[in-house]
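Got a sequence here, can you model it:
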Amino acid sequence: MARKTVLVAGATGLVGYGALKHFAQAPDTAVIAVSRRPPPGLAVRHLALDLTDADACRAAASALSDVTHVVYAALFELPGLVDGWRDERQIATNDQMLRNLLDPLLAIAPGLRHVTLLQGTKAYGVHVRPLAVPAREGRSEMRAQPNFYWAQEDYLRSAQAGRDWAFTILRPVLIVGEAIGGAMNLIPALGVYAAVMRERGPILPYPGGAERVSQAVDADLLARAIAWAGDAGAARNETFNVTNGDVFTWPNIWPAIAEAAGMRAGPEEPFLLQSLSRGDWDRVRTREGLLSPALSDFVGLSLEYADYQMRYGHTEPGRPAIVSTVKIMQAGFHEVMDTEAMFRKWFRVFQQKRLLPRP
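Take a look at the predicted model:
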């Protein structure tokens, strides 16, 4: 019998799918994937559930009485992505989704031990102001800026008060991993751009704007941080930043991305990735015999996210967007990864699955 039953909400998303893969291979662990569609390629128990439907969540709770750990990675994003981050509708919807799942679960799962909640650097206001460098947990937050993080966190702290179970809030930076149709996964977005540009020749121009020193985190590394947080005493009711451990700028890392796509890095040539068309991608899919879906189903809102991350249209260098990871390292999680190796890794995964053209 499993000693642990992990419920992963948002199981087909970038964070959720990474966590699902990790826990599906963990010993003595049962996994429940909660998402609207089944996660691909994994033999796990799947619960098809719309978290915006409170009645459906209450009805489904009876099947969740054995849950010991919750990884809440579900996310509602409005079209337009960046503009939606400050929209009251998005804040209210994300708040209600968490409540819809946890309210009935808390009432029926006596063995619950831990809840992991995901936030990000918007907690420090990165989308509206330059970050204090480095941004630190408990010191650099921008609570004055409306954000669904605060609604969810306040609810979770209130629900946990006086209970035996604990929570951990993780704040990853730019996440790179395996997800299709997600709002914020750069591999499909950059892969589509590279595949379309390869029709012109072997040179891949850098499409973004002026550089900014940034950080990223590998989705598999983040999954291991989630697993650590679920059992570590030092993580009880704490908040941690999570990164790969290094820093990068897009122009500096562009040669590695171009090589991963089978091309050579070219000069800067500003290009709005959002302008890529379905016809552009359909032509590549047909020519290469790919298994990936049509453009919108493949990239979701990730073209907009790529333009935002690479600072398309900006002509002046940006203030560094750096967070401190001292706290999580002192608490006991020490894993790191080279960010260039991370991009190469995920391009290779998508290529091997025939979702992107091979080099």
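
What is the burial count for the residue lying closest to residue 94 once chain neighbours are set aside?
Nearest non-adjacent residue to residue 94, counting by CB to CB, 6 or more residues apart in numbering: residue 148, 3.8 Å away. Placement of C-beta: from N, CA and C, glycine included. Residue 148: 23 surrounding residues under other CB atoms under 10 Å.

same check, this time on residue 88
9.

What of residue 144?
9.

Check the one 10 residues further on too.
When counting by other CB under 10 Å, one arrives at 12 neighbours for residue 154.

I figured residue 272 hits residue 307, correct?
Yes: contact between residue 272 and residue 307 holds when scored by CB atoms under 8 Å: they sit 6.0 Å apart.

the more surrounded of the two?
The residue with more neighbours, out of residue 272 and residue 307, is residue 307; 22 against 13, by other CB under 10 Å.

hang on, isn't that one packed against residue 275?
No: if you go by CB under 8 Å, residue 307 and residue 275 don't touch, sitting 9.4 Å apart.

buried sites along stretch 104-111?
By neighbour count on 16 or more other CB atoms under 10 Å, the buried set for stretch 104-111 is 104, 105, 106, 109.

how far does it sit from the chain's center?
Relative to its chain's centre, stretch 104-111 lies at 27 Å (CA atoms, centre = their mean, to the nearest Å).

quick one: contacts of it?
5, 7, 57-58, 60-62, 64-68, 70, 112, 159 (CB atoms under 8 Å, 6 or more residues apart in numbering).

Any quick PyMOL command for the buried ones out of those residues?
To isolate the buried members of the contacts of stretch 104-111 in PyMOL, using 16+ other CB under 10 Å:
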select buried, resi 5+7+57+60+61+64+66+67+68+70+112+159
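
How about the contacts made by residue 244?
215, 216, 217, 218, 221, 336, 337, 338, 339, 342.

Could you check how far it is from residue 221?
Separation of residue 244 from residue 221 (CB to CB, to the nearest Å): 7 Å.

Burial check on residue 186, number of neighbours?
Neighbour count of residue 186, defined by other CB under 10 Å: 26.

mind listing what it touches?
With CB under 8 Å, 6+ apart, residue 186 has these contacts: 174, 176, 302, 305, 306, 309.

go with 10 Å
Residues counted as contacts of residue 186 (CB atoms under 10 Å, 6 or more residues apart in numbering) are 14, 174-177, 193, 216, 257, 273, 299, 302-303, 305-306, 309-310, 343, 346.

go on, residue 150?
Contacts of residue 150 by CB under 10 Å, 6+ apart are 91, 95, 119, 123, 141, 142, 143, 144.

can you map out the strands along this structure?
Shown for the chain, the strands assigned by DSSP state E span residues 4-9, 29-35, 45-48, 69-72, 114-118, 166-172, 174-176, 203-206, 216-218, 238-242, 264-268.

Check the contact between residue 195 and residue 286; I expect there is one.
No: using CB atoms under 10 Å, residue 195 is not in contact with residue 286, being 11.7 Å away.

Skip the chain neighbours and tell me the closest residue to residue 269.
residue 205 (3.4 Å).

Correct me if wrong: that neighbour contacts residue 266.
Yes: Residue 205 is within contact range of residue 266, at 4.1 Å (criterion: CB under 10 Å).

and for the two, which residues touch both?
Shared contacts of residue 205 and residue 266, counting by CB under 10 Å, 6+ apart, come down to 197, 254, 258.

shared neighbours of residue 244 and residue 221, which are they?
Joint contacts of residue 244 and residue 221 (CB under 10 Å, 6+ apart) are 172, 176, 335, 336, 337, 342.

For burial, what's the neighbour tally of residue 341?
Neighbourhood size, residue 341 [other CB under 10 Å]: 12.

same question but for residue 47, I mixed them up
For residue 47, using other CB under 10 Å, the count is 15.

what's the closest non-adjacent residue to residue 173?
residue 215 (4.4 Å).

what do you get for residue 263?
residue 204 (4.1 Å).

can you check residue 128 too?
Closest to residue 128 by CB to CB, 6+ apart is residue 145, at 5.8 Å.

Surely residue 44 is in contact with residue 11?
Yes: with contact defined as CB under 10 Å, residue 44 and residue 11 form a contacting pair (8.1 Å).

which of those two has more neighbours?
More crowded of residue 44 and residue 11, by other CB under 10 Å: residue 11, with 27 against 17.

so how far is residue 294 from the nearest residue to the more buried one once chain neighbours are set aside?
The spatially closest residue to residue 11, leaving aside those adjacent along the chain, is residue 33, at 3.6 Å (CB to CB, 6+ apart). Per CB to CB, residue 33 is found 24 Å from residue 294.

Compare those two and say which is more crowded by neighbours.
Ranked by neighbour count (other CB under 10 Å), residue 33 and residue 294 place residue 33 first, with 27 against 11.

you'd agree the more buried one is up against residue 74?
No: using CB under 10 Å, residue 33 is not in contact with residue 74; the gap is 11.4 Å.
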